[in-house]
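> Build me a model:
(one chain, ligands or ions: 3)
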Amino acid sequence: MQLDLLDKLRAQNPVIFNIANFVTVQDVANAVNAIGASPIMSNEVAEAEEIVRMAAAVAVNIGCLTKEQINHIKKVEDLARQYNKPIVFDPVAVGAVEYRYKIADKLLWDFHTSIIRGNIGEIAALGDFNWNSKGIDAGSGSGNIDDIAMKTAQKYHCTVIASGPTDTISDGKRLAHVHNGSPLFKTHVGSGDMLTSIVTAFTAVADDPFEAAQIGALVFSCAGQMVVQDHPGVGPGTFGMYLMDYLYKVTVADIKQIADFD
Ligand SMILES: Nc1ncnc2c1ncn2[C@@H]1O[C@H](COP(=O)(O)OP(=O)(O)O)[C@@H](O)[C@H]1O
Ligand SMILES: Cc1ncsc1CCOP(=O)(O)O
Ligand SMILES: [Mg+2]
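Ligands and ions are numbered 1, 2, ... in the order given. Model (predicted):
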């Protein structure tokens, strides 16, 4: 795993365009900024071309989807194709909301996505596996997560991150796992959205989306794990606060000490 991509990201400070949701937009902007990239958010189709041109990569999050935003997403994804900018897609709640599944599936077929990052319930839904998603959360299921990630990556010809206690990553051929993290991530709404946009930042400095997915997942989950190791009494409110500090100060040396991946 190319841990030096963290230093490369901080040196390059790439602009990352985020089509975000109103629930977690500030967390996402601050997390992208803390890790060393430069976030910009916009919902206006009239400025889409200017922003796609200035951005190194694009994160698309369907958390608070509207008909107007779907048109904006289509325009942005078409521009990303035109200007060769990687797209990372966050299929929020597609396992629980059939309307979102249909929109996400069509977008993923109509436009090339480099990486899909969702929890296992969302990835299972996109891969047409049985799973009991619960709203924005993973819910429960009994499928083989390696198989789900692999098959969903093959379905959409991209890299997939099925996040959770272990983040399972596949490009349809290769498989990787990141075991770091903390259950406290589940208590902070926005953890997945932040991960998606941080992974997007790494696509701006990595040659291979599979590599970007692995390093993004590892850096983010290690930062969260370090919060809990250094602040054992941390709870839902302070976890998110400390996470920003640790995204800002985590180093390659820190990660090498605790990294648990295969
Ligand atoms: N039980 C857990 N233990 C350790 N890390 C977790 C756990 N649940 C989620 N994470 C981490 O939280 C981040 C967000 O993942 P997840 O909760 O699956 O996304 P979402 O918020 O979209 O449901 C990932 O970095 C993941 O590794
Ligand atoms: C609660 C909620 N509702 C629509 S988007 C959203 C935030 C989802 O954030 P995450 O998937 O990162 O927990
Ligand atoms: Mg999510």
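> wait, isn't residue 221 in contact with residue 165?
No. Using Cβ atoms under 8 Å, residue 221 makes no contact with residue 165, being 9.8 Å away. Heads up, the C-betas are built off the backbone N, CA and C, glycines and all.
> Pull up the overlap in contacts between these two.
Shared contacts of residue 221 and residue 165 (Cβ atoms under 8 Å, 6 or more residues apart in numbering): residue 181.
> Give me the more crowded residue out of those two.
Per other Cβ atoms under 10 Å, whichever of residue 221 and residue 165 has more neighbours is residue 221, with 27 against 13.
> quick one: contacts for the more buried one?
Contacts of residue 221 by Cβ under 8 Å, 6+ apart are 167, 178, 180, 181, 182, 185.
> The last one and residue 36, how far apart?
Distance check for residue 185 against residue 36: by Cβ to Cβ, to the nearest Å, it reads 20 Å.
> which one of the two has more residues nearby?
More neighbours surround residue 185 than the other of residue 185 and residue 36, with 24 against 20 (other Cβ under 10 Å).
> Please name the nearest non-neighbouring residue to the more buried one.
residue 191 (4.2 Å; Cβ to Cβ, 6 or more residues apart in numbering).
> sec struct for residue 88, please.
strand (DSSP: H, G, I helix; E, B strand; the rest coil).
> any idea how far it lies from residue 65?
17 Å.
> go on, residue 105?
From residue 105 over to residue 65 (counting by Cβ to Cβ), the distance is 13 Å.
> swap in residue 165?
27 Å.
> try residue 249
35 Å.
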